[in-house]
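Novice: just coords:
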């Protein structure tokens, strides 16, 4: 083993190893998926019929369980009928990687089946807008509220107990209520994202604000800062980098509420696409759509992380030191 | 030190005596009378300070020293207005003060620089609070940064600086707001010995060049003597002023004076006050035989 062990507690890896492991973390699940899909002896519990033979209910292309197929095969052999034939296959709900890869492309190029329906990119864009507005509205209210809670004990006392209570109420439980109040289109969906994010946000931001070193506030006081200056020139700039990291994590939470939100009222967005495709048993499309959500989430987080580095140059200074 | 024939710490040379006479004729900047501070704790009230009285004159350098737990940090926090006094009064140039303000600059042991501001912006902080325009504040700040010798680092963030440099910025930042008095709470306590001694000389140099009064908390006896005109020696439980020592060491000071008789005489007196004989006896009374049993034999063989 080289001078730096792979498993040294809390020691950073070399950039080379870091890249290698990042690659592996995606490659290994893909490898597992490929193995299950392409090596018939690992799983493949079904038989896809290529030749129905004399079995009355077999059709070309249908899948039966292997035990059922073997039973019919034996029966035909004994009865002297023409023998059915088939290949081992995975269930339809587990398409192979290449099928999903193809679906990734074709799902964008396939025309909607009905005129009222949307193209995939339109569905995706609709989902992104729901997330954006839900998270935006939550942040506009939640972040200032959190900062005030973290700064002033009185504000914290009058808000946080109720917020603590409310955050235990599952956001989807408000679905029916949201529809009754806000109609069946985007209103209730944005409301669910809002409810799911807002209460956590207040508590997380309040906590972050409390983490700010109080001696910075004391130093500012001895430099003649008044309450307003304390808030705007010390507290807010002081917590900004951590606040930004909080927001990235909270944005991830907002995404987890998306699917539930989009099922409320008229189903819409990427959720509509997924449920629709599942109904047609186009599981390759379903997988493609789920992976797309993951990619959008990951990409936006990577972009935000990079942006954070340029927004807070003093953070870079401390990492260098 | 006992066998050394030292003059009394009360003996002052002509120049030192003249300096003290002149000092005492100056205006009183800080007057503390009957100051007391009691904290509420789970085990009932704890008296940190009781009946503290002293005065600091303009351009005087006063250090405060005392055993741990004597409330020296509480004292300076009350003076800064960060804690409210329970009893008594603090007068700054004749006016009572009980909230923080830019007239009492403070340098903390933790550096407390704003990490999101560059060195220059940190120093500008107090100036901007006073309503100074950006250009004026910037020009002023640069002068103070120059005074502490960090002009090359004006646009650098604090986390890129060493501990000593950070503390120099903190001093520049406090001074830039033009305080009547500079309060320093063990400002060099976190620094290594070498940096610390450099910083002491720096501080004296800065103090010599500007019209400022300094109240400096420390637990380091040599530091207390080296910097001070007068030393306020505090007692613990409750914290109160035990003695005020006029340091008989002439100015300007230099580290070479550490071994001169005046310095040592003050040092000896501080030793008596901070480490009274009773404490030494206590340590001598510890039964260490269980731990040193085998060691004694080898010592005897040597």
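Specialist: Structure's in. What do you need? All values derive from a computational prediction rather than experimental measurement.
Novice: for the closest residue to residue B:202 other than its chain neighbours, helix, strand, or coil?
Specialist: The shortest distance from residue B:202 to any non-neighbouring residue, by Cβ to Cβ, 6 or more residues apart in numbering or on different chains, is to residue B:168 (6.8 Å). C-beta here means a position set from N, CA and C on the backbone, and glycine is covered the same way. Of the three states, residue B:168 takes helix under DSSP: H, G, I helix; E, B strand; the rest coil.
Novice: and residue B:168, how far is that from chain A?
Specialist: Going from residue B:168 to chain A by Cβ to the nearest Cβ, to the nearest Å gives 15 Å.
Novice: what's the pLDDT at that residue?
Specialist: Note for residue B:168: predicted pLDDT of 94.
Novice: From what I see, it and residue B:199 are in contact.
Specialist: Yes - if you go by Cβ atoms under 8 Å, residue B:168 and residue B:199 touch, sitting 7.5 Å apart.
Novice: Compare the two and say which is more crowded by neighbours.
Specialist: residue B:168 (24 against 20; other Cβ atoms under 10 Å in any protein chain shown).
Novice: need the contact list for that one.
Specialist: Shown in contact with residue B:168 (Cβ atoms under 8 Å, 6 or more residues apart in numbering or on different chains): B:148, B:149, B:150, B:199, B:202.
Novice: tell me the contacts of residue B:190?
Specialist: B:109, B:110, B:163.
Novice: Check for me that it belongs to a helix.
Specialist: No - if the criterion is three-state DSSP, then residue B:190 is coil and not within a helix.
Novice: ok, now how distant is it from residue B:167?
Specialist: 8 Å (Cβ to Cβ, to the nearest Å).
Novice: Please work out which residue of chain B is closest to chain A.
Specialist: Nearest to chain A, among the residues of chain B, is residue B:102, at 3.3 Å (Cβ to the nearest Cβ).
Novice: In chain A, what residue lies closest to chain B?
Specialist: residue A:224 (3.3 Å).
Novice: List the buried residues in stretch A:274-294.
Specialist: A:274, A:276-277, A:282-289, A:292-293 (16 or more other Cβ atoms under 10 Å in any protein chain shown).
Novice: For it, give me every contacting residue.
Specialist: Under the contact criterion Cβ under 8 Å, 6+ apart, stretch A:274-294 has outside partners A:92-95, A:99-100, A:102-104, A:107, A:117, A:120, A:124, A:127, A:255, A:258-259, A:263, A:267, A:270, A:273.
Novice: Tell me the residues of the stretch 151-300 of chain B that contact chain A?
Specialist: Counting by Cβ under 8 Å from any Cβ of the partner chain, the residues of the stretch 151-300 of chain B close to chain A are B:156, B:157, B:158, B:159, B:160, B:173, B:174, B:177, B:183.
Novice: Just the buried ones out of these, please.
Specialist: Buried residues within these, counting neighbours by 16+ other Cβ under 10 Å: B:156, B:157, B:158, B:159, B:160, B:173, B:174, B:177, B:183.
Novice: mind putting those in JSON lines, secondary structure, distance to residue A:25 and pLDDT included?
Specialist: JSON lines is the format used below for these (DSSP: H, G, I helix; E, B strand; the rest coil; distance: Cβ to Cβ, whole Å; pLDDT from 0 to 100):
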{"residue": "B:156", "secondary structure": "coil", "distance to residue A:25": "37", "pLDDT": "95"}
{"residue": "B:157", "secondary structure": "coil", "distance to residue A:25": "33", "pLDDT": "95"}
{"residue": "B:158", "secondary structure": "helix", "distance to residue A:25": "36", "pLDDT": "95"}
{"residue": "B:159", "secondary structure": "helix", "distance to residue A:25": "31", "pLDDT": "93"}
{"residue": "B:160", "secondary structure": "helix", "distance to residue A:25": "33", "pLDDT": "93"}
{"residue": "B:173", "secondary structure": "helix", "distance to residue A:25": "46", "pLDDT": "96"}
{"residue": "B:174", "secondary structure": "helix", "distance to residue A:25": "50", "pLDDT": "95"}
{"residue": "B:177", "secondary structure": "coil", "distance to residue A:25": "52", "pLDDT": "91"}
{"residue": "B:183", "secondary structure": "strand", "distance to residue A:25": "53", "pLDDT": "97"}
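Novice: Okay, and residue B:182 sits in which element?
Specialist: Per DSSP states H and E, residue B:182 falls inside strand B:181-185.
Novice: which strands and helices sit next to that strand?
Specialist: helix B:72-80, strand B:104-107, helix B:163-176, strand B:213-217 (3 or more Cβ pairs under 8 Å, 6 or more residues apart in numbering or on different chains; DSSP states H and E).
Novice: Buried ones among the contacts of residue B:168?
Specialist: Buried among the contacts of residue B:168 (16+ other Cβ under 10 Å): B:148, B:150, B:199, B:202.
Novice: contacting residues for the third one?
Specialist: Going back to what we said before, that points to residue B:199. Contacts of residue B:199 by Cβ under 8 Å, 6+ apart are B:164, B:167, B:168, B:187, B:188, B:191.
Novice: Mind doing that once more with 10 Å?
Specialist: Applying Cβ atoms under 10 Å, 6 or more residues apart in numbering or on different chains, we find residue B:199 in contact with B:163, B:164, B:165, B:167, B:168, B:171, B:187, B:188, B:191, B:223.
Novice: how many other residues sit next to the third one?
Specialist: A total of 20 residues lie near residue B:165 under the criterion other Cβ under 10 Å.
Novice: Ok, the fourth one next?
Specialist: As a burial measure, the neighbour count of residue B:167 was computed by other Cβ under 10 Å and equals 29.
Novice: Hmm, it is touching residue B:185, no?
Specialist: No - checked against Cβ atoms under 10 Å, the pair residue B:167 and residue B:185 is beyond contact range at 11.6 Å.
Novice: can you list residues touching both of those two?
Specialist: With contacts defined as Cβ under 10 Å, 6+ apart, the residues shared by residue B:167 and residue B:185 are B:107, B:108, B:109.
Novice: when you check chain A, which of those residues turn up near it?
Specialist: Near chain A, judged by Cβ under 10 Å from any Cβ of the partner chain, the entries from those are B:107, B:108, B:109.
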